[in-house]
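Novice: I'll drop the sequence and a predicted model, then ask my questions.
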Amino acid sequence: MNIRKRLKTHAEVHTGPLNDILFILLMFFLIASTLANPNVIKLSQPKAKSDTKAKQNVVVNIDANGQFIVNGKHILVQNLRQELQPFIAKDTNQATIAINADKSVPIDEVVAVMRVARDLGARSVLMVDKNSNP
């Protein structure tokens, strides 16, 4: 009978190189994800540095009191579509509606004009002050 203990070897996993492999994989996936789709969210922001101008069929002004003025005529927001439609129908190309809004006007009113322009098939351009500081 053999009473001596057998020498058992314990299996060990060396984790030293594991950190290097995980770091390399992390860097690979970070670089690959930015190259796959660099512009996830595309925003079209107004720029006031250039002098490119589109032909404006009609100008919609929104003053600080929230009143809509189309080519010098005060109108209600409910009548905006009926007032803009004749100006848009005149143009054979894609018509352009220029929106000139006061800084204090809520963005909802500007978006309302943009929606009417989209429904009528016209482009909407937001007029900005070139020399204004944010």
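Specialist: Everything's here; your move.

Novice: longest single helix anywhere in this structure?
Specialist: Under DSSP state H, the helix in the chain containing the largest number of residues is helix 16-36.

Novice: partner strands of the helix or strand following that helix, parallel or antiparallel?
Specialist: The helix or strand immediately downstream of helix 16-36 is strand 58-62, counting by DSSP states H and E. Note on strand 58-62: by DSSP bridges, its sheet partners are strand 68-70 (antiparallel), strand 96-101 (parallel).

Novice: Run the chain-centre distance for the helix or strand harbouring Arg115.
Specialist: For Arg115, the host element (DSSP H and E) is helix 107-119. Remark: helix 107-119 is offset 15 Å from the chain centroid, using CA atoms, centre = their mean, to the nearest Å.

Novice: which of the residues in that helix are buried?
Specialist: Neighbour counts over helix 107-119 (16 or more other CB atoms under 10 Å) mark 109-110, 113-114, 116-117 as buried. For the C-beta atoms, the positions are set from N, CA and C on the backbone; glycine is no exception.

Novice: what's the closest of the residues you listed to Thr9?
Specialist: Met114 (74.5 Å; CB to CB).
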